[in-house]
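Enquirer: curious how this folds, go ahead:
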Amino acid sequence: MDYVTLACQLLGGVFGALLSGALFGRLSLGALGNTIVGCVGGPLGGLILTGYLTLAPAGLPDGSIAELPAALSQVASGAAGGVVLVFLVGLLKGLVRD
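Expert: As a prediction, the model looks like this:
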């Protein structure tokens, strides 16, 4: 995994976590909590979902415009991981609190 992939997954994870915190108000962990969980969930989602969300065509040279769909798929998989992890941690927080 290179640094660009990791950065895309982290940004996607943080974006997805903050968005899910805003949408699921009761499951939100606060801005800092959602950001931390997104930083963990982004790379986890990228690790699991990258094979399913690969948008880049194979066989094109590095540095071409074809790297944009690959970066977008990393952001999307990171965002999905951030959303899922915030949802799960928010559910666990609710169970522990009750």
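Enquirer: what sits against the spatially most central residue of the chain?
Expert: To find the centre residue of the chain, average its C-alpha atoms and take the closest one (Cα atoms, centre = their mean): that gives G78, at 2.2 Å. Taking Cβ atoms under 8 Å, 6 or more residues apart in numbering as the definition of contact, the neighbours of G78 are 8-13, 16, 41-43, 45-46. In short, each C-beta sits where N, CA and C put it, glycine included.
Enquirer: let's see 10 Å
Expert: 5-17, 38-39, 41-47, 49-50 (Cβ atoms under 10 Å, 6 or more residues apart in numbering).
Enquirer: so what's the residue count around L49?
Expert: Each residue near L49 was counted by other Cβ atoms under 10 Å, and the total is 20.
Enquirer: now it: how far from D2?
Expert: Counting by Cβ to Cβ, to the nearest Å, the gap from L49 to D2 is 17 Å.
Enquirer: helices of this structure, residue ranges please.
Expert: Listed in chain order, the helices of the chain (DSSP state H) span residues 3-23, 30-49, 67-97.
Enquirer: packing partners for the shortest one?
Expert: When contacts are defined as 3 or more Cβ pairs under 10 Å, 6 or more residues apart in numbering; DSSP states H and E, helix 30-49 packs onto helix 3-23, helix 67-97.
Enquirer: got these as a markdown table, with mean pLDDT columns?
Expert: Formatted as a markdown table, the entries for those read as follows, by pLDDT from 0 to 100:
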| stretch | mean pLDDT |
| --- | --- |
| helix 3-23 | 93 |
| helix 67-97 | 89 |
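Enquirer: so which of those helices is nearest G30?
Expert: Distances from G30 to each of the helices and strands packed on helix 30-49 were compared using Cβ to Cβ; the minimum, 7.7 Å, belongs to helix 3-23.
Enquirer: that closest one packs against which elements?
Expert: With contacts defined as 3+ Cβ pairs under 10 Å, 6+ apart, the secondary structure elements packing on helix 3-23 are helix 30-49, helix 67-97.
Enquirer: check which residues of that helix are buried.
Expert: 5, 8-21 (16 or more other Cβ atoms under 10 Å).
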